[in-house]
Each structure stands twice: as C-alpha cells, then as structure tokens.
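Chemist: build me a model:
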Amino acid sequence: MAESNLGGKIRAMRRNHRLTQVDLARRLGISPSYLNLIEHNRRSFTADLLVKLAEILPVDIKAWSTEHDGRRAAELLEVFGDPLFENLDVLTTDVREVAMSHPHTAEAILRLYEAFRHSRDSLQNLAGKMSEHGGADSAHPSRFPSEEVSDLLQRHLNYFPELEHGAEQLARDARVEYSDSLFSSLAAYLERAHGVAVRIERTSAMDGALRRYDATSRVLCLSEALRRGSRNFQLAYQVGLLTQRAVLDRIASDPLLTSDESHALCRVVLANYFAMAMLMPYDPFLRAAKLERYDIELLGHRFRTSFEQTCHRLTTLRRPGAEGIPFHMMRIDIAGNISKRFSASGMRFARFSGACPRWNVFEAFHTPGIIRTQLSQMPDSQIYFEIARTVRKESGGFHSPRTQYAIALGCALDHAKDLVYAVGRDLSSHDAIVPVGPACRMCDRLDCEQRAFPPLQHPLTVNEHVRGVSFYAPLRT
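Modeler: Predicted coordinates:
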C-alpha cells in the first residue's frame, strides 16, 4: 500500500471510532503532534505502530489496499462524469484525494449519487406508466439489488470458502459420481436424504419455468428443454438451497444488502456458486484448468458445464495458496446492458454508465459462437488480455425466445502467456493493442472516433466549420 494514502485512512478510522488525536496517541505511545503529522502524511507509520493500532482498533486490511482505493476512485470519477456536474471545476486529482484520504466521505458521495439515480429512474418509470395507463397504480420504486449483490461478490473477491467446503463435504457424504451418472447420483441423494423426488416434465407443463420446486409435495420438476449439463446444475442448485441454508442466510445478512430483493437475489447467486463448486470441484478443476491452459470449451466438455458457467468458475479460484489466474468477467446483452460483472484483475468496470464500445465483447455479437481475443489498454496504461464469445439462452421449442449475451473474460497481460488463446500471438506488439476505457466520461482519449460524450476534464467545444474524427474530438484552429 502506498504510504501517501495511510495517514488519511488512520484519521478516518480514528474519527469513525470517536477517538481524539490525544486519545489515540496516548494508546499508541506517541505524542499527539506526531500522530497529527502521520495523519497528514508528513511522517511514516512504522510496522510496530501498525501492530499497536490493530490491537486498539479493528483494522480491515482489505479496506486499506490500493485495489480498494482504485475501485472507489474509479467509481467517484464516474459519478463526477455525470453531466449534472459538467459546469463544476472538479479535478481528477481532487477526486482521487477524496477517495484515498477520506474513504467514508467518498462512500457517502457514492451512496447519495446512487440514491439520486434510483429516484430519477423511479420518477421516469412513474411518468411513463402514468402516461401509458393514465394512473400510477402499477408504478413502483426502481431498485437495483443486482448492484448490491455485485458489490458483495467483489468484497469477497468472488470466493466463499464455506460454500467450497460444503460442496466438497456433500460430494463425499452423498457419494457423488463425477461421470455420466452424475444426474442420477444427485437425484438419488435428494430422494434418500431429503425425500425430494425429481421429475422431468414436458415444456408445456412447466408454464415457462425451467425448474420448479414444490416444498409441500417435495417434488422438483425440471423442464425437458434443459440439456444434460443444465439439468445437473439445477439439481446441484436445489441441493445447495436445502443443505447450505445457514451459510446462505449468514452471507445474505450482510448490511451491504438493503432490501428484501437484494437478500433473495444474494441467496440465488450463492446457491448458484454452490452448484458450480459441486459440478467443478475446486482442486480437480484448478488442476485441469492449468493443464489445459484455461481452454474454456475443453473444460466445459470435461465437467459438463456451459461456457458461461465455466468462465464464472474461473473467477472463483481464489483459495489462498492455490489460486488460479485472477480474471475479470462481464456479461452484456446486445444493447450494452451489463448484467454480470466481477474483477480480480484490476480492470475497472463502469458502474453508472455504459461500457466502451471498443471492447471486443461488443464485436462478439458479429461472430456468434466464435472466441475473439484482444489486447486492451486502459487510460492508466494497464494492458489486459481478453477473450469474448456469445452465448445463447434457449428455453423451449420453435416459438421460444432465444436470448443472446456476450461473455468477456480477461486478465492482466503478464498472465496471458498461460492461456491457450495467446498461443501464436505477439503479446509484445504495440500494433495489436486496442485503446479502451471504462466509459466515455472517464476516458481522456480525445482522438477516439467512437466517443459518445466529452471527457470529464475537457468541456465540449464546437466549431461548425470543422469536423473532427468525432463530434467531441478537439479541433485544430
């Protein structure tokens, strides 16, 4: 962690616990004047003092990491990129200073802005419904539980050791066979241990559902439209709900989740996590991933999982001492809506605005089912190696909708050599690098022909007689 950030964090922690400088200095065994210098980053904070501080106050090392600082700063920059603040002289350096030295203030700004966005969207929804139906009876507040759950996953680095342990323990107790008989062994366990009968039903009898569990009759119905791997996943999901209730409830009780919808969604996401841990056990899956150089399609065939499930599992390999490559992952639809995001690589995703159209994840829609690769360089000069491919969600026969998404999976450039997708690519070639950004307002690249909005630090200038590479590119006069 950069020393320049430490003083502000100590000051924020002290104030959060309602201690004066005199109180904390006395307990640390230093003078108040020296502590004052530390808090203003004019004196170093030694390891011995850090140990003493940890004995006095609960020190969350994760909250002090530069990765945590960078994510908060990126989110603040995105907030101030809103046109609402366009006429204010908000400097990037000031925003970063607030994020690093005043973390609680930064968090308050983020919460206020998110509340503002929710209120604005709710009003727009209400106006639309009143205009369409002539009344407000069907209107309801707009809420974003998916954002809260995404933040919780990011806080845990998308790794939940209790669920990993639960999946491994259950696989042993249930004598799960990882072979073509996986479905029958999981179904037999549900019948034997929980009295749950599993039935495969015709699509027409499922009323549009793919899985339906009746707790009264203890019958789990699965649609015939589910393929073999998806059937296994749905069985493992139901096993997770029935056997991991205490763990799901404890994690979902996190104060970060502020609504019943968020708690419910979190339980679904965690049960999905458990299902992945059941179908792709940590140690065998990590060994296979390294052996096959993270060949996603090959891993999917071996473990009977979909492309998206396999990508998601790769982002969870964060067990201390047995880590996989730290990946980031994003799922978008053809309109650019981000419905799933996580980053262990350091990649910053936009939280309040759209993504950069120069990412290969958007190009994937032009070549359905084909894996595309890209070397992406962010405005901070960090380079990432990324792959992208479309996936389809099918739920029935000829008349059923076929939803298409694109999945992006990437890592820092120094890990690219371990991926099968980098074979034959010159990773040192600057000609192959594509400049991208988290969002237009947060990106300072003025020569981008796909820019949709002016960057935060450069006001819009218009010359009706000159046309640049984009409407927002600077013009030479």
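Chemist: the helices in the stretch 151-300 of the chain, which residues?
Modeler: 161-173, 182-194, 228-243, 245-252, 260-279, 282-291, 296-303 (DSSP state H, counting those that start in this stretch).
Chemist: and those as a markdown table, adding mean neighbour count?
Modeler: For every residue, glycine as well, the C-beta is placed using N, CA and C. Listed next are the helices of the stretch 151-300 of the chain as a markdown table, based on neighbours: other Cβ atoms under 10 Å:
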| stretch | mean neighbour count |
| --- | --- |
| helix 161-173 | 17 |
| helix 182-194 | 17 |
| helix 228-243 | 21 |
| helix 245-252 | 16 |
| helix 260-279 | 21 |
| helix 282-291 | 16 |
| helix 296-303 | 18 |
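Chemist: closest one to Ala322 among those?
Modeler: Nearest of the helices of the stretch 151-300 of the chain to Ala322, taken as Cβ to Cβ: helix 282-291 at 6.4 Å.
Chemist: who are the packing partners of that closest one?
Modeler: Where contact means 3 or more Cβ pairs under 8 Å, 6 or more residues apart in numbering; DSSP states H and E, helix 282-291 is packed against helix 296-303, strand 322-323.
Chemist: and if we set it to 10 Å?
Modeler: In terms of contacts (3 or more Cβ pairs under 10 Å, 6 or more residues apart in numbering; DSSP states H and E), helix 282-291 is packed against helix 161-173, helix 260-279, helix 296-303, helix 307-314, strand 318-319, strand 322-323.
Chemist: which other residues reach it?
Modeler: 159, 161, 164-165, 167-168, 178, 276-277, 279-281, 294-296, 298-299, 302-303, 305, 310, 313-314, 316-317, 319, 322-325, 418 (Cβ atoms under 10 Å, 6 or more residues apart in numbering).
Chemist: ditto for stretch 210-217
Modeler: Contacts of stretch 210-217 (Cβ under 10 Å, 6+ apart): 196-199, 201, 203, 205-206, 219-226, 230-231, 233-235, 237-238, 241-242, 393, 395-396.
Chemist: buried residues in it, which are they?
Modeler: Neighbour-count burial for stretch 210-217, counted by 16 or more other Cβ atoms under 10 Å, picks out Leu210, Arg211, Arg212, Tyr213.
Chemist: so which of the helices of the stretch 151-300 of the chain gets nearest Leu112?
Modeler: That would be helix 260-279 among the helices of the stretch 151-300 of the chain, by Cβ to Cβ, at 18.5 Å.
Chemist: helix 282-291 and that closest one, what's the angle between them?
Modeler: Counting by axes from the mean of the first three to the mean of the last three Cα atoms, to 10 degrees, helix 260-279 points 70 degrees away from the direction of helix 282-291.
Chemist: helix 260-279 versus helix 307-314: what angle between them?
Modeler: Using the same axes, to 10 degrees: helix 260-279 against helix 307-314 is 90 degrees.
Chemist: and helix 260-279, what does it pack onto?
Modeler: Helix 260-279 packs on helix 145-155, helix 161-173, helix 182-194, helix 228-243, helix 245-252, helix 282-291, helix 307-314, going by 3+ Cβ pairs under 10 Å, 6+ apart.
Chemist: in the first one, what counts as buried?
Modeler: By neighbour count on 16+ other Cβ under 10 Å, the buried set for helix 145-155 is Pro145, Ser146, Glu147, Glu148, Val149, Ser150, Asp151, Leu152, Leu153, Gln154.
Chemist: with distance to Phe183 and pLDDT added, can I get these in JSON lines?
Modeler: Putting the buried residues of helix 145-155 into JSON lines (distance: Cβ to Cβ, whole Å; pLDDT from 0 to 100) gives the following:
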{"residue": "Pro145", "distance to Phe183": "31", "pLDDT": "86"}
{"residue": "Ser146", "distance to Phe183": "30", "pLDDT": "87"}
{"residue": "Glu147", "distance to Phe183": "35", "pLDDT": "84"}
{"residue": "Glu148", "distance to Phe183": "34", "pLDDT": "88"}
{"residue": "Val149", "distance to Phe183": "29", "pLDDT": "93"}
{"residue": "Ser150", "distance to Phe183": "31", "pLDDT": "90"}
{"residue": "Asp151", "distance to Phe183": "35", "pLDDT": "87"}
{"residue": "Leu152", "distance to Phe183": "31", "pLDDT": "92"}
{"residue": "Leu153", "distance to Phe183": "28", "pLDDT": "93"}
{"residue": "Gln154", "distance to Phe183": "33", "pLDDT": "90"}
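Chemist: biggest separation within those residues, which pair?
Modeler: Pro145 and Gln154 (14.9 Å).
Chemist: domains for this protein, by residue range?
Modeler: 3-109, 161-279, 322-442 (automatic domain parsing).
Chemist: averaged pLDDT, the second one. What do you get?
Modeler: Read that as domain 161-279. Averaging pLDDT along domain 161-279 gives 93.
Chemist: ends of it, what's the gap?
Modeler: End-to-end distance of domain 161-279: 16 Å, with Cα to Cα, to the nearest Å as the criterion.
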